[in-house]
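>>> quick one, what's the 3D model for this:
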Amino acid sequence: MADPSPLAGTVEIAAPPDSVWDVVADVTRMPDFSPELRRLWVVGRRRGPGASLQGATLLGVNRRGLAVWPTTSRVVRWVPGRAVAWKTRESGATWSYELEPTPAGTRLAARRELPAFTLGTTLLGPLIGGAAGHDRELAEGLWTTLERIREVVEAGAATPA
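Numbers count the residues shown, from 1 in each chain. The predicted structure follows:
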């Protein structure tokens with residue numbers, strides 16, 4: 001089996017970093033943006049504006065076609081206004097979002113770091129069309145996620161109605 005493909009992308013958002021952070025820091029909204037993630041709960045940490053998620057556990061439900069599976073992640077990086085990252089136990093992937101101020105607003109970068117496919121990913125592979133095929137879909141999904149975040153922030157919808 002081939003090694004995982006590197007996944008990364010950036011998008012320019014015509015809004016200040018605080019507005020982008022308000023959306024990205026509310027990780028429970030990620031299902032609104034991700035084509036695969038359907039639900040996400042934060043376990044074991046205080047929620048609300050300004051709450052640190054460092055070390056928090058995230059319970060997720062993913063869906064791809066007919067396949068549905070749970071994920072458990074831990075927030076491994078939390079820099080208010082700048083970055084959030086979580087490592088998914090089942091796949092070994094670390095997903096991160098980093099903000100950088102620009103003259104026109106904010107550059108939002110997303111990345112998945114995965115040194116190798118895990119045994120779990122290899123075994124689940126046939127159910128999800130193969131790990132490499134899923135990797136291609138995740139790359140497209142990363143771009144979709146970034147674009148959806150951009151659209152929400154630029155529309156001024158930093159908090160749910």
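>>> any idea what the residue nearest in space to the middle of the chain is bridged to?
Central residue of the chain (CA atoms, centre = their mean): Trp95, 5.5 Å from the mean position. Under DSSP bridges, the beta-bridge partners of Trp95 are Trp86, Arg112.
>>> for the one 5 residues further on, same thing?
Taking DSSP bridges, one obtains Arg107 as the residues bridged to Glu100.
>>> that one contacts Thr106, correct?
Yes - at 6.9 Å, Glu100 and Thr106 qualify as touching, with contact defined as CB atoms under 8 Å. The C-beta positions use only the backbone N, C-alpha and C, and glycine is treated the same way.
>>> of these two, who's got more company?
Higher neighbour count among Glu100 and Thr106: Thr106, with 22 against 13, using other CB atoms under 10 Å.
>>> contacting residues for the more buried one?
Contact analysis of Thr106 by CB atoms under 8 Å, 6 or more residues apart in numbering lists Glu12, Ile13, Ala15, Pro16, Pro17, Ser19, Val20, Leu99, Glu100.
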